[in-house]
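K.L.:
Only the shape, not the letters, is given here:
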């Protein structure tokens with residue numbers, strides 16, 4: 001949104017920060033308490049950008065393209081991503097993976 005924030009984002013330190021933030025967001029680790037590897041919480045970064053009249057996702061999109069949902073893409077690529085089926089009894093579940101079948105057989 002602002003040219004000043006875009007200039008700031010192009011500096012080496014902020015560039016590292018934004019790269020780390022992009023990685024976390026692509027992994028869908030975006031809660032307010034998630035910490036960027038450069039020891040700055042995403043919540044603080046979002047707040048600072050908000051005070052400057054900008055938004056983290058908008059800034060990342062402007063400076064490096066759309067933020068991808070890497071976690072969902074990876075999950076869709078797994079060959080055995082069958083869902084867990086919950087049974088009425090609390091705390092128990094049934095999963096038809098080879099490992100669970102092996103455990104139940106013992």
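P.N.:
Nice, thanks for sending it over. As the structure is a prediction and not an experimental result, all values here were calculated from the model.
K.L.:
contacts and neighbour counts: CA atoms only from here.
P.N.:
OK.
K.L.:
And the pLDDT at residue 81?
P.N.:
At residue 81, the predicted lDDT confidence score is 54.
K.L.:
Ok, the one 3 residues further on next?
P.N.:
Listed pLDDT for residue 84 reads 55.
K.L.:
what about the helices in the protein?
P.N.:
Ranges of helices within the chain are 3-9, 12-26, 42-51, 56-64, 70-77, 98-105, based on DSSP state H.
K.L.:
Which of those helices has the highest mean neighbour count?
P.N.:
Between the helices of the chain, the one whose residues have the most neighbours on average, counting mean count of other CA atoms under 10 Å, is helix 12-26 (a mean of 17).
K.L.:
just the angle between that helix and helix 56-64, please?
P.N.:
For the pair helix 12-26 and helix 56-64, the angle between their directions (axes from the mean of the first three to the mean of the last three CA atoms, to 10 degrees) equals 120 degrees.
K.L.:
contacts for helix 12-26?
P.N.:
Outside helix 12-26, the residues that touch it by CA atoms under 8 Å, 6 or more residues apart in numbering are 8-9, 30, 36-38, 42, 60, 67-71.
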